[in-house]
Each structure stands twice: as structure tokens, then as C-alpha cells.
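1. sharing a sequence plus its predicted fold:
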Amino acid sequence: EGKGKKRNPLHDFKKTGELMLIKVNKTLEVKTKLLNTTEQCAKRCSRNKGLSFTCKAFAYDRVTKRCHWLSFNSLTNGVRKKQDHAFDLYEKKDYIRNCIIGKGADYKGTISVTRSGIQCQAWNSMIPHEH
């Protein structure tokens, strides 16, 4: 990254155009606010600024310029996808990627079996291996 250049916060998100997520599970949280750009939405989601939950995605309403921060993503149980021409969905790549990059310290995906189908050891378990 060059000197004086700011990193675009949208790089951490996967965009799906014309899609909104609808929560079926009422315990999932959403917060909305008027913001002019998707970059502002992404920055706030990445920092969890002003949110009482971990932001995993946001949907931006291009018509009303309203950002909808979501405590869930398209892989969460109790969520359904809805085609909506006003919205663009942005999901944090860390929560939807199914691969480990580097040592996997930041992995937040959903894969819990090895390539050969063996169940992964829980992080809080020392059996069968110590960490």
C-alpha cells in the first residue's frame, strides 16, 4: 500500500448485485442508517462501529441510500435470499470463504471436516491432539 493511499474497505467484501437477505430467525440483528456510499457502509461494518453485534454483511439500498448492517450472511441458518433490484449485498469474505489462507488464524468459515471427511477437533479440546 502506497504512502498516503487509503485501503478501500470494500476489498474485504463479496458483492452480489440485486439481492437482499431476509431474516426468518427473529433473534438475528439488523441496524440501518442513511449513508451516501457503500464504502462508508463497509468501513462501519468492518469496525463494528456503533453496532451491538458482529457485522457479517451489509445490504445497500441504492434508491434510499440506506445501509442495512447484518449480524448474519447468506450461509446463516434462518435466513433466506430475496431478489431485489434496489439492493446490493456485501458479505465479509472471512465469513463466507470455505478455505484457509495462510495459517488460518483469521478463518471464520463453516467447514468443520477434513478433505477426507474426518470431523475437525474442537478448539477447546485437547483430545486427540494438544494445540
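-> Arrived safely, thanks for sending.

2. report the longest strand in the chain, please.
-> strand 79-92 (DSSP state E).

3. quick one: distance of it to the chain centre.
-> 12 Å (C-alpha atoms, centre = their mean, to the nearest Å).

4. from memory residue 88 sits against residue 57, does it?
-> No - under the criterion of C-beta atoms under 8 Å, residue 88 is not in contact with residue 57, lying 11.0 Å apart. In short, each C-beta sits where N, CA and C put it, glycine included.

5. for these two, indicate the residue with more neighbours.
-> Taking neighbours as other C-beta atoms under 10 Å, residue 88 and residue 57 compare with residue 57 leading, 25 against 19.

6. any chance you could map the strands in the protein?
-> 13-23, 30-34, 57-61, 66-70, 79-92.

7. check those strands for me and report the most buried one.
-> Highest mean neighbour count among these (mean count of other C-beta atoms under 10 Å): strand 57-61, with a mean of 23.

8. give me the packing partners of that strand, helices and strands only.
-> strand 13-23, helix 38-47, strand 66-70, strand 79-92 (3 or more C-beta pairs under 8 Å, 6 or more residues apart in numbering; DSSP states H and E).
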